[in-house]
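*Asks:* here you go, sequence then predicted model.
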Amino acid sequence: MAVKLKGKDLVTLRDWSTEQIWQVFKTAEMIKQMQYTGQPYQPLKGKTLGMIFTKPSTRTRVSFEVAIYQLGGHGLFLSAQELQLRRGETVADTAQVLSRYLDGIMIRTYAHKDVEDLAEYASIPVINGLTDYAHPCQVLTDLFTIYEKFGRLDGINMVYLGDGNNNMCNSMLFGAAKVGMNLTISAPEGYEPDAEVLKLAREDAKATGAKFAFESDPQKAIGGADVIYTDVWTSMGQEEEKEARLKAMQPYQVNGELMNLADASSVFMHCLPAHRGEEVTDEVADSVQSIIFDQAENRLHAQKAVLALTM
């Protein structure tokens, strides 16, 4: 039985049930198959998605713009320079005005509270395309990709290496908890997972059996992993910390030596863009175990599913 998602916001994955998340995966699977066989799927004819960007992007903009177009709708790009938010208009007023013009809003920004406020005051669905706290669309994509590769998510073992206190790790904790996937985080001192996020994820994990662990030694962490995941060590807005971060996280680089400690059947994932030579080497990123470009493609299919279901 289909789970109702029409009109629902996607602020974090904590807001969605396990059943709703699986509805996204099954819809993405259908949409991807239809695209591969040349069958049009356009449930959003006549619909318009407003795409607000205060933080630049390649994959987020292209995938959402193509997604709404292929679903039969129209995407309207709204840069920070074009909005009155920069001149003092409140998020509440912006949300209510845009709700009179649009059928949905996707926003990629820095402050998570902006998305929360937008969702509170808008009368149309608001999709979080990334904030400094959460990246739910990316994790939906990642989980869908893992499901494609392994045929399941329950009991899959992922090791996340590098910065354990960023938006990707936060959302991966929330997502893993919802689908019963085990997650080990391996990070240097000072970059451990957010305690409150971990607490919330463990509450959700009680229903699915997902297990979370922390192992500071990456060589110990990687044994038995089905999925090895990493992200950039220095995100936008953290440039002043770059040298300190590079020094602290160098032992967590995913290179051939580290991958040799994992099972041959394991896969490597990265949400991209990658800083090759920092968090991952070319040897790994371009290896047969790497599925980073499958992930990148699946941004399109997963986000089409989110838009089709919510709008």
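*Replies:* Structure received. These numbers come from a predicted model, not from an experiment. Numbering: from 1, shown residues only.

*Asks:* burial count for K220?
*Replies:* 12 (other C-beta atoms under 10 Å). C-beta: built from backbone N, CA, C; applies to glycine.

*Asks:* and the spatially most central residue of the chain, what element?
*Replies:* Most central in the chain under C-alpha atoms, centre = their mean is Q138, positioned 1.9 Å from the mean C-alpha point. In the assignment (DSSP states H and E), Q138 maps to helix 136-150.

*Asks:* and that helix, what's its mean pLDDT?
*Replies:* Averaged over helix 136-150, pLDDT sits at 98.

*Asks:* show me what it is packed against.
*Replies:* helix 18-36, strand 126-130, helix 167-179, strand 267-270, helix 292-310 (3 or more C-beta pairs under 8 Å, 6 or more residues apart in numbering; DSSP states H and E).

*Asks:* make JSON lines out of the ones you listed and add distance to P193, mean neighbour count and mean pLDDT.
*Replies:* Converted to JSON lines, the helices and strands packed on helix 136-150 look like this (distance: least, C-beta to C-beta, whole Å; neighbours: other C-beta atoms under 10 Å; pLDDT from 0 to 100):
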{"stretch": "helix 18-36", "distance to P193": "21", "mean neighbour count": "18", "mean pLDDT": "98"}
{"stretch": "strand 126-130", "distance to P193": "18", "mean neighbour count": "27", "mean pLDDT": "98"}
{"stretch": "helix 167-179", "distance to P193": "6", "mean neighbour count": "26", "mean pLDDT": "98"}
{"stretch": "strand 267-270", "distance to P193": "18", "mean neighbour count": "24", "mean pLDDT": "98"}
{"stretch": "helix 292-310", "distance to P193": "22", "mean neighbour count": "22", "mean pLDDT": "98"}
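
*Asks:* those: which one's closest to M249?
*Replies:* The minimum distance between M249 and the helices and strands packed on helix 136-150 falls on helix 167-179, with 12.9 Å, by C-beta to C-beta.

*Asks:* so for stretch 108-123, what's the average pLDDT?
*Replies:* Mean predicted lDDT for stretch 108-123 stands at 96.

*Asks:* and for stretch 190-208?
*Replies:* 97.

*Asks:* one step back: do you know how far the residue nearest to the residue nearest to the centre of the chain when sequence neighbours are not counted is from A285?
*Replies:* Closest residue to Q138 in three dimensions, ignoring its sequence neighbours and counting by C-beta to C-beta, 6 or more residues apart in numbering: C271, at 5.1 Å. Distance, C271 to A285, using C-beta to C-beta, to the nearest Å: 12 Å.
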